[in-house]
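Asks: Structure for this input, please:
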Amino acid sequence: MFDYGLSKKSVIKNHQMKVGSLPHQKSIEAEFATFIDEWMKTIIIVQDSVSKKDFSSATPDTVILQSLKKANFVNRKGYALLESVASRLLGEAGLSLKVSQDTAQKLLLECFNEDLEKRKWASASENAIISKALKRLKEIELPNGSYIFASQFSYSAKGLKFDIGPVSIISKARFYRENAKKLRKPWEPSESSEDFHKFLLKKWIEHMRNFDHVISVDVGHSERELAWEIARETAEFALNIVRTFFGYYHTHRIRLSGDFTLEQNRASVIIEQNDVWLSHGTGGVSSFLDDDAIQRFEWELEPMSPLFASFAGWLASGKHDGTPTVERLRYANRLIAEAYCEPSDYLRLVRLISAFEALAIIRSNEKAHNLAVRCANVGSWSRSTTACEIYDNVRSAYHVRNMVVHGDAPTTDQVRKAFFGLEEHTFGILVGFLSFYAGIERTAGPRSIRTLAREIENRIEFFFYDPSFGFD
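Replies: Below you'll find the model as predicted:
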């Protein structure tokens, strides 16, 4: 029989009495105390199974805890509690988007192990464990970096480099010129690592052959795997500003690596009774926006650049977890990016409408009418004629969208007309919602979707008359 130096029954009894005296406590410490209870129960079940040489009763419900030096198992209920505590710790430390759940769990179990060893494995203090784990989480050292995405942006813009907050869109040639020394710098000073570095650099350069630009996003103090996700969202936001400004016809080939792949070469064959018809075509895989077009873009958007830079910086910071204003904007941002990369006319319309719905938060019936009203209020910028156009286009597009999702088979012409009617005003609506949400966050700081929905309801009509009204 395994002996862990624990007086198991007494510890469980004392521990349960301690937690039971606080029946309504919802603290992280109380939840971790319940985890300890489940861990202790699992020890007894496993030891009983070992003594009987029958593991069938313990194995199906047991999860291994790699970070504990001994007694490293718990039942599934206990493991779910451990996951919950780790998630809450990350939220408490403001690191939910910067540090992984696995890292938090490992750190938590290390603190648990240290506390058990300190107390000779006779008891455990959940308060001390949580306090130490939270302190270590806040002190954890994480890398800062610029995350680089290959992009099909424009073959015509050869010397391009412009910034939106932490995002830089740079032509491939310019990026190579400015970063050649860094790219060639080997890792550790050993022959094997230098060879491996050269191999990976060669593969990356080969990967870049099908792309004309890179998008660099500065992300600080984040685990690399999570930082890639934050950086991609931020890069897509910057591209969405370009997409919605120039429109779908000019930008539907703009995309990051990993999005829907476009063909550079096309070929076809038709076999008839007496003939075979062959065809072949080639085309660029990105937009035809040149340096002059991008210069106009920067000039026209200069008054809005603080708003764009502020939101992009907030996205890249990873400090917005649980903020409903940013979560809604993030979701809409993803849907817009997917819409502009989507090869299907039908799904493109559905994604764009869904993005507007995510921002408008319609809780009542008559969704087509209410969505159209809210888009008109934020997207017209106090111009009555534009507001009427937006209302008509959104309402009409919503009905076509319903035909798509409910299987009523609208024609391709109907779907394309609906999409381009929306797309004509997408930039104004997106920027309007960005500004509107910024005002709500600044003045009300809602921390739930219900509160955000109420703020939208109370303020959106005033926004039409004066975008600053109602936020002072």
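
Asks: Report the separation between residue 230 and residue 327.
Replies: 13 Å (CB to CB, to the nearest Å). Every C-beta, even on glycine, is put in place using the N, C-alpha and C of the backbone.

Asks: Neighbour count for those two, which is higher?
Replies: Taking other CB atoms under 10 Å, residue 230 and residue 327 do not tie; residue 230 has more neighbours (21 against 15).

Asks: Which helix or which strand is home to that one?
Replies: Secondary-structure element containing residue 230, defined by DSSP states H and E: helix 224-246.

Asks: Got the domain ranges for this protein?
Replies: Domain ranges of the chain: 8-139, 142-314, 320-472, per automatic domain parsing.

Asks: Return the most buried member of those domains.
Replies: Comparing the domains of the chain by mean neighbour count (mean count of other CB atoms under 10 Å), domain 320-472 comes out on top with a mean of 18.

Asks: can you give me the mean pLDDT across that one?
Replies: Taken as a whole, domain 320-472 has an average pLDDT of 92.

Asks: before we move on, what about stretch 145-154?
Replies: Mean pLDDT, computed over stretch 145-154, is 90.

Asks: switch to numbering from 544
Replies: That works, and once the first residue is 544, the last one we named lands at stretch 688-697.

Asks: ok, now how distant is the residue nearest to residue 740 when sequence neighbours are not counted from residue 745?
Replies: Spatial nearest neighbour of residue 740, chain neighbours left out: residue 729 (4.8 Å); criterion: CB to CB, 6 or more residues apart in numbering. Distance from residue 729 to residue 745, counting by CB to CB: 13 Å.

Asks: in the chain, which helix has the most residues?
Replies: As assigned by DSSP state H, the longest helix anywhere in the chain is helix 571-595.

Asks: Just give me how far it sits from the chain centre.
Replies: Taking CA atoms, centre = their mean, to the nearest Å, one finds the center of helix 571-595 at 36 Å from the center of the full chain.

Asks: name the helices or strands packed onto that helix?
Replies: Under the contact definition 3 or more CB pairs under 8 Å, 6 or more residues apart in numbering; DSSP states H and E, helix 571-595 sits against helix 551-563, strand 616-618, helix 619-636, helix 669-682.

Asks: Any idea which of these has the lowest pLDDT on average?
Replies: The weakest mean pLDDT among the helices and strands packed on helix 571-595 belongs to helix 551-563, with a mean of 42.

Asks: Can I get the helix holding residue 773 in PDB? Just the C-alpha atoms.
Replies: Below are the C-alpha coordinates for helix 767-789, written out as PDB (Å, rounded to 0.1, in the frame of the first residue of the first chain):
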ATOM      1  CA  ARG A 767       4.100  33.000 -28.000                       C
ATOM      2  CA  GLU A 768       1.300  30.700 -28.900                       C
ATOM      3  CA  LEU A 769      -1.300  33.100 -27.400                       C
ATOM      4  CA  ALA A 770       0.500  36.100 -28.800                       C
ATOM      5  CA  TRP A 771       0.100  34.700 -32.400                       C
ATOM      6  CA  GLU A 772      -3.700  34.600 -31.900                       C
ATOM      7  CA  ILE A 773      -3.800  38.200 -30.500                       C
ATOM      8  CA  ALA A 774      -1.500  39.400 -33.300                       C
ATOM      9  CA  ARG A 775      -3.600  37.800 -36.100                       C
ATOM     10  CA  GLU A 776      -6.800  39.500 -34.800                       C
ATOM     11  CA  THR A 777      -5.000  42.800 -34.700                       C
ATOM     12  CA  ALA A 778      -3.600  42.300 -38.200                       C
ATOM     13  CA  GLU A 779      -7.000  41.400 -39.500                       C
ATOM     14  CA  PHE A 780      -8.400  44.600 -38.000                       C
ATOM     15  CA  ALA A 781      -5.900  46.700 -39.800                       C
ATOM     16  CA  LEU A 782      -6.700  44.900 -43.100                       C
ATOM     17  CA  ASN A 783     -10.400  45.400 -42.400                       C
ATOM     18  CA  ILE A 784      -9.900  49.100 -42.400                       C
ATOM     19  CA  VAL A 785      -8.200  48.900 -45.800                       C
ATOM     20  CA  ARG A 786     -10.800  46.500 -47.100                       C
ATOM     21  CA  THR A 787     -13.800  48.500 -46.100                       C
ATOM     22  CA  PHE A 788     -12.300  51.800 -47.200                       C
ATOM     23  CA  PHE A 789     -11.400  50.700 -50.800                       C
END
